[in-house]
Each structure stands twice: as structure tokens, then as C-alpha cells.
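[1] Pasting the sequence and the predicted coordinates here, then a few questions.
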There are 2 protein chains.
Amino acid sequence: MSKIPFKAGTMLYPLPAVMVSCGQTIDEYNIITVAWVGTLASEPPMCYVSIRKSRHSHKIISQSKCFVINLTTESLARETDWCGVKSGRQHNKFVEMNLTPVKAPHIQAPMIDESPLCIECEVVEVKELGSHDCFIARVVGINAEERYIDAKTGEFDLEKAGLLAYAHGKYYSLGSKLGFFGFSVQKKTAKRQNKKKN
Amino acid sequence: MSKIPFKAGTMLYPLPAVMVSCGQTIDEYNIITVAWVGTLASEPPMCYVSIRKSRHSHKIISQSKCFVINLTTESLARETDWCGVKSGRQHNKFVEMNLTPVKAPHIQAPMIDESPLCIECEVVEVKELGSHDCFIARVVGINAEERYIDAKTGEFDLEKAGLLAYAHGKYYSLGSKLGFFGFSVQKKTAKRQNKKKN
């Protein structure tokens, strides 16, 4: 393999492209699509979204201190892209994209009903990092589309939702399954168990 | 659509599952696979990885203040999983996974030669967030596999690399392309341009 220097930048992919919904009143409700988003810790569950100061949602979230991360799917690809390109200053994105705001159980920001999974977040800190401000947040609620939850196991089947991924300027569906977490050591475990049995 | 509360947790997907390489000497070189990783800002390019205090790499990165984010691919799925399950205290992961450490141009941590794209990072701050410490870092170099760079345009074709995505305990390839950033407004722009022309 042969590596050559590439212009320094943001080349960490694939990422989710999520629709972040915010606002404290129906008139203020807005949606911004971001890929600079991620999980920071598991217990307590914490995540972040990074948003440019110039964006309409930046002001809203700075004031309301809360937002919802709405996962996006193949069937929401157009809405996802549009909400990242357009500004809430000129457009009512819920209305124009025919998306449905629904009351979130724990915070004032609305959830997007068409999303398969909506993560309610409360901002705990804002870090200024140059082009973007990073809103560090605590996850205070998760709301999942009922039809994707297995009635027996209670597990959420994200695979059925058809999640969308973003890489280097393009949106993709998820492709074939390559394995589950821990698959690389499963054989050894099975062998060991057989050994014990024998 | 009907939403029901789901146990609060970490349900933000799909994410990258990257191999983070670290260490200042060949004896110390280690690899940890993480999905709690993301881009925080574009200018300057900044990103983070979150790692539990108990992990071997946590100590190494805390001391060396640098690491490399190595993107992973379908063909590296087994190595990616294994480096997330096993500990560098018991295993020399480079040797056991037959991965090749190569000198990074800007920092002491090694790059993984088998990765299509290696992002050199310098830690600027460590945030303690409960289960995980978040290493906030500045991107100081990107090293790309030469064969994926278009000789004419200089663009890096991540699609050819066959990136791997991680969602809710499973690894996936990327599937079909759903559009490029801005595709939802392209038609309108074309129409407007035609209007201007006419």
C-alpha cells in the first residue's frame, strides 16, 4: 500500500446524516440536517451536534438548550438533503417537506414523526471550535417507531428502518451485513466450549 | 406513525467503526476500534474519539497526546471487530492481525497501512463524560491510499475503498447511492438557469 498526503480536512466517514429538530413554539420549529454528530459516552448517554454560528438553528438551540436527533432513512433522503441545504429563515421546513412535528415527552423541541427513532437531547455545554460550535448534550429520552420494535424481545430492529449513511458528499443506503460485534472471536469461543464439553 | 419510549441510551446510527492506532514506540503500538468518533468542526478540522478509562489505549493516548483514525473497509471487517474486542495488554494487535504500522508524517502514533485513509490527530483537550473520556483533537494530517486518488482531479474516491458502517451491534457495507449533497434542489437550480437562459 502506498500513502500520500491529502489536504487536511474532514474525511471521517461514513457518518449518519440526521435531521435535528428544534424550537420552543410551533412558529419557531425548525429542522437542520447535520453529519457532524456523534455519541460521546454511554453512561450517561451523551452526544453532540456541531452547527455553524450562522445557521438559523444555532440561535434556536442556544436559547432553548435542547434539540431532537431524528435518524433518517432511504425514504427520507430528499427531505434530509433539503433540510441541510435550505434555511429556516426563509422556509418552514416542516410544512414544505410535509414532515409532522410531534410533542417530545421530555423537552420542548419537537420530534419528526416520520423518523424511525428520535433522540431527545438537553444541552449541557457549548464548545466554540472555529467554524462550528459543538453542542454537547445529555440524552434524556429515546422514542422509537413502534412497528420496528420486536414485541417479544423488546429490541429495536434498526435494520428494518433502512438507515441512511453519508460519506464524502453522498448519501447511501446500508448494504450487506458483514458481521455482528464480536463475530471475529465467536469461533474460538465455540471451539473452547466444545473442548470443555469433550 | 406511532412512537413509544425506548430505554434511553446510545442509538445514534449508522456510525463509522474506525481503528484508532496509538503509541510512541513500536513496543507500545496499539489499536483500538471505536464507534464513538466524529467530526467536531471543519475549519480548523477537528474530531474526537471517546474511550473508556479502563482501556489500554486510554493510557497510551493520555500520555502521547496523539492518535491516528484509520478508516475501515469491508475487507478489514474481521480485523476491525477483533481490535475492538481484544486488549493490547494481552495482544500485539498489529502482529496478530497482520496489520502494518507505518510512520505518520506529523505525529508519533503509527498509521495502519492497510487502511485506505489515515487521519493524524493531536489531542487538544480531554473531557471526562462518565463512562468515557472524550479526546478532542485537531486533524494535523490526512494520508490517503494513492490508488483511490484520481490522478486528474486529485479527488479521493472513498466509494472505491468499500467503507464499513456500524449500526446497533452490526457491521455493514455501504449500499446503493441515494444522491449527492444538494441533489434535492438540483432540479430547481436547473430550471432557474433555463429560465435565465430563455
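    Thanks, I have it.
[2] So is the strand or helix carrying A:Gly38 next to chain B?
    In this structure, A:Gly38 sits in strand A:37-41 according to DSSP states H and E. Yes - judged by C-beta under 8 Å from any C-beta of the partner chain, strand A:37-41 comes into contact with chain B at A:37-41. (Each C-beta comes from the backbone N, C-alpha and C, glycine too.)
[3] can you count the residues close to whatever residue of chain A ends up closest to chain B?
    In chain A, no residue comes nearer to chain B than A:Gly38, which is 2.9 Å away by C-beta to the nearest C-beta. By the criterion of other C-beta atoms under 10 Å in any protein chain shown, A:Gly38 has 28 neighbours.
[4] ditto for the one 5 residues further on
    A:Glu43 is surrounded by 11 other residues when neighbours are defined as other C-beta under 10 Å.
[5] give the contact list for it.
    Counting by C-beta atoms under 8 Å, 6 or more residues apart in numbering or on different chains, A:Glu43 touches B:130-131.
[6] go with 10 Å
    B:9-10, B:129-132 (C-beta atoms under 10 Å, 6 or more residues apart in numbering or on different chains).
[7] Quick check: closest non-adjacent residue to the residue of chain A closest to chain B.
    B:Gly38 (2.9 Å; C-beta to C-beta, 6 or more residues apart in numbering or on different chains).
[8] pretty sure A:Phe135 is touching A:Arg55, no?
    No - A:Phe135 is not in contact with A:Arg55 according to C-beta atoms under 10 Å; the separation is 11.5 Å.
[9] Dig out what the residue of chain A closest to chain B forms beta bridges with.
    Bridge pairing for A:Gly38 (DSSP bridges) gives the partners A:Tyr48.
[10] Tell me the pLDDT of it.
    Looking at A:Gly38, its pLDDT stands at 98.
[11] Now do it against A:Cys66, distance only.
    18 Å (C-beta to C-beta, to the nearest Å).
[12] count of residues packed around A:Asn92?
    Other residues near A:Asn92 number 13, with proximity taken as other C-beta under 10 Å.
[13] Report the spatially nearest residue to it, omitting neighbours in sequence.
    Spatial nearest neighbour of A:Asn92, chain neighbours left out: A:Tyr29 (7.9 Å); criterion: C-beta to C-beta, 6+ apart.
[14] Each with direction, which strands does the strand of greatest length in chain A pair with?
    Looking across chain A with DSSP state E, the single longest strand is strand A:132-145. Strand pairing for strand A:132-145, using DSSP bridges, gives strand A:46-52 (antiparallel), strand A:117-128 (antiparallel), strand B:3-6 (antiparallel).
[15] Buried residues, whichever helix or strand comes after that strand. List them.
    Next helix or strand after strand A:132-145 toward the C-terminus (DSSP H and E): helix A:158-161. Of the residues in helix A:158-161, A:158, A:161 count as buried by neighbour count, 16 or more other C-beta atoms under 10 Å in any protein chain shown.
[16] Show me what helix A:158-161 is packed up against.
    For helix A:158-161, the packing partners by 3 or more C-beta pairs under 10 Å, 6 or more residues apart in numbering or on different chains; DSSP states H and E come out as strand A:132-145, strand A:170-180, strand B:164-167, strand B:170-180.
[17] Just name the most buried of the ones you listed.
    By mean neighbour count, with neighbours taken as mean count of other C-beta atoms under 10 Å in any protein chain shown, strand B:164-167 ranks first of the helices and strands packed on helix A:158-161 at a mean of 26.
[18] Can you list the helices and strands that that strand packs against?
    By 3+ C-beta pairs under 10 Å, 6+ apart, strand B:164-167 packs against strand A:15-16, helix A:158-161, strand A:164-167, strand A:170-180, strand B:15-16, helix B:77-85, strand B:170-180.
[19] To B:Asp150, which of those lies closest?
    strand A:170-180 (15.1 Å; C-beta to C-beta).
[20] Please name the strands paired to the closest one in the sheet, noting orientation.
    strand A:164-167 (antiparallel), strand B:170-180 (antiparallel).
[21] What average pLDDT does it get?
    Strand A:170-180 shows a mean pLDDT of 96.
[22] swap in stretch A:130-137?
    The predicted model assigns stretch A:130-137 a mean pLDDT of 98.
[23] Next up, the contacts around the residue lying closest to A:Leu12 once chain neighbours are set aside.
    Spatial nearest neighbour of A:Leu12, excluding adjacent residues (C-beta to C-beta, 6+ apart): B:Thr39 at 5.3 Å. For B:Thr39, the contacting residues are A:9-13, A:15, A:34-38, A:50, A:132, B:45-48, B:119, B:139, by C-beta under 10 Å, 6+ apart.
[24] who's in contact with A:His106?
    Counting by C-beta under 10 Å, 6+ apart, A:His106 has contacts A:66, A:68, A:120-122, A:139-143, B:5, B:8.
[25] do that again at 6 Å, thanks
    By C-beta atoms under 6 Å, 6 or more residues apart in numbering or on different chains, the residues touching A:His106 are A:120, A:140-141.
[26] do the same with A:Val139
    A:Val139 touches A:45, A:119, A:121, B:8, counting by C-beta under 6 Å, 6+ apart.
[27] The first one touches B:Lys7, doesn't it?
    Same thing as A:Pro45. No - judged on C-beta atoms under 6 Å, A:Pro45 makes no contact with B:Lys7 at a distance of 9.6 Å.
[28] More neighbours: these two, which one.
    Using other C-beta under 10 Å as the criterion, A:Pro45 and B:Lys7 rank with A:Pro45 on top: 24 against 11.
[29] Tell me the spatial nearest neighbour of the more buried one, not counting adjacent residues.
    Nearest in space to A:Pro45, with sequence neighbours left out and distances taken as C-beta to C-beta, 6+ apart, is A:Val139 at 3.9 Å.
[30] could you measure the one you found against A:Pro110, distance?
    According to C-beta to C-beta, A:Val139 stands 17 Å off from A:Pro110.
[31] any idea how far A:Ser57 is from A:Lys103?
    Taking C-beta to C-beta as the measure, A:Lys103 falls 19 Å from A:Ser57.
[32] show me where pLDDT drops low in chain A?
    Low-confidence regions of chain A, defined here as pLDDT under 70, cover residues A:187-198.
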